[in-house]
Structure formats: C-alpha cells, structure tokens
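Enquirer: Sequence plus the predicted model coming up.
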Amino acid sequence: DGGITQSPKYLFRKEGQNVTLSCEQNLNHDAMYWYRQDPGQGLRLIYYSQIVNDFQKGDIAEGYSVSREKKESFPLTVTSAQKNPTAFYLCASSIYAGAGYGYTFGSGTRLTVV
Amino acid sequence: KQEVTQIPAALSVPEGENLVLNCSFTDSAIYNLQWFRQDPGKGLTSLLLIQSSQREQTSGRLNASLDKSSGRSTLYIAASQPGDSATYLCAVNFGNEKLTFGTGTRLTIIP
C-alpha cells in the first residue's frame, strides 16, 4: 500500500547536536511538507517542497534545514540553532502543491532534547 | 490573519449519541477544508476533504459540511462508538500552498 514512512519514531538529541528526521513516500506525490506539533497549538509549517530540488520556508523555518534530491524523500535536519526542538514532527505529501488537493500524513517522529 | 478555530477543546459524550464538532475560519476565500483524526502519539488520518464548491461530504457515519459565507464547517458523527475517541483536527487551505490547522477537539466517547 502507498503511504508515508517517517523514521525513527522516537529520537533523542543532546544539546548542540544536529539530528536528521527521515520522510519517504511512495505515493508519487510532487509536494512534501514538514509540520511541527506542540501541545495546545495547531500544527505549524516548517518547510515545504513543490518539486525535486526546490523547497520553501514555512512559518517557523529558523533552526531547520531540508533537502529534496529525490521525489520520494524529504529529510528534515534539526540543527543546534533550533532553541526548543522538543516536539512531534509530522511529514505530509500531496499530489501537487496547488490548492485543491488533500494531504496525506506520516505517523510522526517525537524528538526530545536530553 | 487567516486563522482556524475549534471549540470546544474537549468533548465527552455517551456511546450511541450523535455529535457535532465545530470549525470556524476567518477568511471565506478558501480552496478546501480537510478533517483529520489523530490518536494519541500517532500521525494524522484524513477523514474528509471538502472542496470550496461543495457543501458537504459523507463517509460512513461521518458527514462534513461547509458554509463559506459564515466561515464554518461541522463534522457530524452518527451513532458514536468508543473507537471514535480521538482528537479531531480541522485544516483549511486558504490557497497559499499550506494548510492552516485548528488546535483540535479531543473527543471521548463514554461506554
């Protein structure tokens, strides 16, 4: 079955470390997204990519970086510059980035700073 | 500012009752609205997608309506079951290449 795979499910980061969250999709979707979820807040967009080798900053991009070298993959790196990285991270995709298409989400990665 | 609001934040109802979850948004010029379900510690599962030209969508016991002029959507759940317990999220596409989410309603169905 087609879907989005996020790994790992749980991730622990020490202060000052960079960590990379994996997101892979086999839906043949062009657009991919990274959202952050904190308790009591709605999901907030970190980065999105409309097509391979292109990506755009979302609302809270500071301290994060992404790459889109393959259509299927959109990894997110949480850098040491991110002041409060503990959160639940969700990856999503849609057929195209244009309005009118629904989103499919992965199962998430919970990142904790130790 | 384009915002999405879901009230109440939490709701408990006895099993078997019909219920309505509410979503309001500030800009009537939307492209579509999507309802999701989220179980604790899990990702989001899409329930229904309503395009701006549609008034409602149905899937099994779920029915979602859309009223752009009043900036409101409702998710109706018929004959509720304990397995319906989850957080329900409303997300609006305002046409700026992202979804704007509400903070969700945590639903508990009491057996």
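Expert: Happy to help now that I have it.
Enquirer: Secondary structure element holding the spatially most central residue of chain A?
Expert: In chain A, the centroid-proximal residue (CA atoms, centre = their mean) is A:Trp34; its distance is 2.8 Å. According to DSSP states H and E, A:Trp34 maps onto strand A:31-37.
Enquirer: didn't the residue nearest to the centre of chain A look like it was pressed against A:Ala87?
Expert: No - using CB atoms under 8 Å, A:Trp34 is not in contact with A:Ala87; the gap is 11.2 Å. (Glycine included, C-beta is placed from N, CA and C.)
Enquirer: How many residues are close by B:Gly104?
Expert: Neighbourhood size, B:Gly104 [other CB atoms under 10 Å in any protein chain shown]: 24.
Enquirer: sorry, that was for B:Ala78
Expert: When neighbours are counted by other CB under 10 Å, B:Ala78 registers 12.
Enquirer: still on that earlier bit, residues in contact with the spatially closest residue to the residue nearest to the centre of chain A that is not a sequence neighbour?
Expert: Counting by CB to CB, 6 or more residues apart in numbering or on different chains, the nearest residue to A:Trp34 once its immediate chain neighbours are dropped is A:Ile46, at 4.3 Å. Going by CB atoms under 8 Å, 6 or more residues apart in numbering or on different chains, A:Ile46 touches A:Trp34, A:Tyr35, A:Arg36, A:Gly58, A:Asp59, A:Ile60, A:Ala61, A:Tyr64, A:Val66, A:Leu76, A:Tyr89.
Enquirer: The helix or strand containing A:Ile46: which residues count as buried?
Expert: Secondary structure assignment for A:Ile46, by DSSP H and E: strand A:44-51. Across strand A:44-51, burial judged by 16 or more other CB atoms under 10 Å in any protein chain shown covers A:Arg44, A:Leu45, A:Ile46, A:Tyr47, A:Tyr48, A:Ser49, A:Gln50.
Enquirer: per-residue confidence for A:Val52?
Expert: The per-residue pLDDT reported for A:Val52 equals 94.
Enquirer: ok so, going back, scan the contacts of A:Ile46 and report the most crowded one.
Expert: A:Tyr35 (28 neighbours).
Enquirer: wouldn't it be in contact with A:Tyr47 here?
Expert: No - with contact defined as CB under 8 Å, A:Tyr35 does not reach A:Tyr47; the gap is 9.5 Å.
Enquirer: Give the other helices and strands that the lowest-mean-pLDDT helix or strand in chain B contacts.
Expert: Between all helices and strands in chain B, the lowest mean by mean pLDDT, DSSP states H and E belongs to strand B:99-101, at a mean of 92. Helices and strands touching strand B:99-101, by 3 or more CB pairs under 8 Å, 6 or more residues apart in numbering or on different chains; DSSP states H and E, are strand B:86-93.
Enquirer: From the chain's centroid, how far away is the strand it packs on?
Expert: Here strand B:86-93 is found 5 Å from its chain centre; the criterion is CA atoms, centre = their mean, to the nearest Å.
Enquirer: Quick one: low-confidence residue ranges for chain A.
Expert: Along chain A, segments meeting pLDDT under 70 span A:1, A:98-100.
Enquirer: which residues of it fall in strands?
Expert: Using DSSP state E, the strands of chain A run over residues A:4-7, A:10-13, A:19-25, A:31-37, A:44-51, A:54-57, A:64-66, A:76-78, A:87-94, A:104-105, A:109-113.
Enquirer: All good on my end, thank you.
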